[in-house]
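> Predicted model, plus sequence, below.
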Amino acid sequence: MALEDPVIAPEPQAAAAVDMPPRFACFVAGTDTEIGKTLTSSAMLYSLVKHGARACGMKPVAAGAVMKNGQLHNDDADQLIEASNVHLPQSLTTPFMLKEPAAPHIAAALEGVAIDPVPILAAYVEIAAATDAIVVEGVGGFRVPLTEDFDTADLAGQLALPVVLVVGLRLGCINHALLTVEAIESRGLRLAGWVANTLEFEMTFADENIAALAARIPAPLLGRIPRLAKPTAAAAAEYLDFTSLPNWPGRRNK
Ligand SMILES: Nc1ncnc2c1ncn2[C@@H]1O[C@H](COP(=O)(O)OP(=O)(O)OP(=O)(O)O)[C@@H](O)[C@H]1O
Ligand SMILES: [Mg+2]
């Protein structure tokens, strides 16, 4: 008697996976260094956790780390860990933790380290497997070199994530923002939104600057963070609405 083909029952996990919402992920870029990328990334993680997502921040390259309790610590990486509810080994969340607070390619050279996108991409995939949401904070401004021939913009391109641009409000920010938008778009990346962050107590013509930016940036303004007495993730999140971002929890995507 000929053997019949075995009947294979559909796998329940596979059926469930079809209905699984795609995960949220984005790359947080800035118009410069020290303009609020960590604050915005932490606020995003805080909101994701509030929405019930399993969220993890990633600072793939951090320059400026000190040894505490036998492990190198960097302020940005620590803030992202604090706002996340999935905690993974530092080798995944910050594959390149450099001691010197300098431009990353210089800090790396001082330690004889070559920053390489391959371990960063591999770590990203591992984090994605363990979470519903990932927020990747960039390094400095968008074109900061990581090696001789590879920069932060290339990293964003290899990760192929939607970008959220943090604009630090100060004189010159319109030019910085528009150049960064051009750099994002020229790589075929999706600019998913932008944030106006108040760096100075009294920026003259702040409203006019924001209006000029809004008229020229082809993506939604996610909010305007005032100068905060205590710049915590929760405090910044009060001023931000991330619900228009692709794959934000509970959002129906177009
Ligand atoms: N709206 C704000 N109100 C008060 N303080 C702020 C605000 N935005 C940023 N800061 C403070 O300014 C400093 C720089 O902000 P942040 O670390 O978020 O910048 P960054 O762009 O991530 O910098 P880096 O390039 O070093 O990663 C921090 O000390 C932060 O607490
Ligand atoms: Mg930062």
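Looks like it arrived, so ask away. Ligands and ions are numbered 1, 2, ... in the order given.
> residues of stretch 240-254 that come out buried?
By 16 or more other Cβ atoms under 10 Å, the buried positions in stretch 240-254 come out as 240, 242, 245-249. Just so you know, the C-beta spots here come from the backbone N, C-alpha and C atoms, and that holds for glycine as well.
> Looking at those, which one is closest to ligand 2?
Distance to ligand 2 across the buried residues of stretch 240-254 (Cβ to the ion) is lowest for Leu240, with 16.2 Å.
> surely the closest one meets Val195?
Yes. In this structure, Leu240 is within contact of Val195 by Cβ atoms under 8 Å, at 6.5 Å.
> Not counting residues beside it along the chain, what's closest to the one residue in the stretch 101-250 of the chain that gets nearest to ligand 2?
For the stretch 101-250 of the chain and ligand 2, the shortest gap (Cβ to the ion) falls at Glu137, measuring 5.7 Å. The shortest distance from Glu137 to any non-neighbouring residue, by Cβ to Cβ, 6 or more residues apart in numbering, is to Ser41 (4.5 Å).
> For the helix or strand containing that neighbour, give me every contacting residue.
Using DSSP states H and E, the element containing Ser41 is helix 37-50. Residues from elsewhere that reach helix 37-50 (Cβ atoms under 8 Å, 6 or more residues apart in numbering): 24, 26, 28-30, 55-57, 59, 75-76, 79-80, 82-85, 132-133, 135, 137-138, 164, 166, 195, 197, 225, 231-234, 236-237, 240, 242, 249.
> Alongside ligand 1, which residues does the stretch 101-250 of the chain contribute?
Contact residues (Cβ under 6 Å from any ligand atom) of the stretch 101-250 of the chain with ligand 1: 140, 197-198, 225, 227-228, 231.
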